[in-house]
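Novice: Model the following, please.
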Amino acid sequence: MEVPKTAIELAKRFEGFHRVPKHDPGRAHPYICPAGYWTIGYGHLCDATHPPISEAEAEDYLTRDLQAALDATLRCCPVLATGPEGRLSAIVDFTLNLGAGRLQTSTLRRRVNQRDWVAAGQELRRWVYGGGRVLPGLVARREVEAALMQ
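Specialist: Purely as a prediction, here's the structure:
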């Protein structure tokens, strides 16, 4: 299955193409995300010594990361394979952001597989912490995802 366009748009909107130093404006450098992980480009996990990348390289990483998130999402929530694209996109974005392990063990997964879309939206809104505190960017991201569950 192909990654839904809405999922790509969500990832780009909330991950952004992060560039760190002003002396190298066209390339992304590793940085520590608010949750404390080394990241590069559009939220791709890396190590601190990862070389800088171009936006095209970041797009390649994003494509692979989104495909992995889609595959994991469909393994955990097979009911999304036949539902509206928005619901699938929301959970793919969640999985991209937080990882398949978090989805697999979550009440969110249970609510999605029960097709309880209201409760699934409520569960999404609980995942707004990074580094032990509420992050406004995650609040905004989860609100958009929750709206897609309707």
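Novice: Please enumerate the strands of this structure.
Specialist: Residue ranges of the strands in the chain, as given by DSSP state E, are 27-28, 31-32, 38-40, 44-45, 53-54, 129-130, 133-134.
Novice: okay, the ones you listed, which one's buried deepest?
Specialist: Most buried of the strands of the chain, by mean neighbour count (mean count of other Cβ atoms under 10 Å): strand 27-28, with a mean of 22. C-beta here means a position set from N, CA and C on the backbone, and glycine is covered the same way.
Novice: Can you spell out which helices and strands pack onto it?
Specialist: Strand 27-28 sits against strand 53-54, with contacts defined as 3 or more Cβ pairs under 8 Å, 6 or more residues apart in numbering; DSSP states H and E.
Novice: can you do 6 Å?
Specialist: Helices and strands touching strand 27-28, as assessed by 3 or more Cβ pairs under 6 Å, 6 or more residues apart in numbering; DSSP states H and E, are absent.
Novice: Mind listing the strands it pairs with, and their directions?
Specialist: Its sheet considered, strand 27-28 pairs with strand 53-54 (antiparallel) by DSSP bridges.
Novice: What are the boundaries of the helices in this protein?
Specialist: 5-15, 55-76, 85-98, 100-104, 107-113, 117-124, 136-148 (DSSP state H).
Novice: would a markdown table of those with mean pLDDT be doable?
Specialist: Converted to a markdown table, the helices of the chain look like this (pLDDT from 0 to 100):
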| stretch | mean pLDDT |
| --- | --- |
| helix 5-15 | 95 |
| helix 55-76 | 97 |
| helix 85-98 | 97 |
| helix 100-104 | 97 |
| helix 107-113 | 98 |
| helix 117-124 | 98 |
| helix 136-148 | 97 |
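Novice: Take those helices and write them to JSON lines, including mean neighbour count.
Specialist: Shown next, in JSON lines, are the helices of the chain (neighbours: other Cβ atoms under 10 Å):
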{"stretch": "helix 5-15", "mean neighbour count": "18"}
{"stretch": "helix 55-76", "mean neighbour count": "17"}
{"stretch": "helix 85-98", "mean neighbour count": "24"}
{"stretch": "helix 100-104", "mean neighbour count": "15"}
{"stretch": "helix 107-113", "mean neighbour count": "19"}
{"stretch": "helix 117-124", "mean neighbour count": "19"}
{"stretch": "helix 136-148", "mean neighbour count": "17"}
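Novice: among the strands of the chain, which is nearest residue 110?
Specialist: Closest approach to residue 110 among the strands of the chain is made by strand 129-130 (20.0 Å; Cβ to Cβ).
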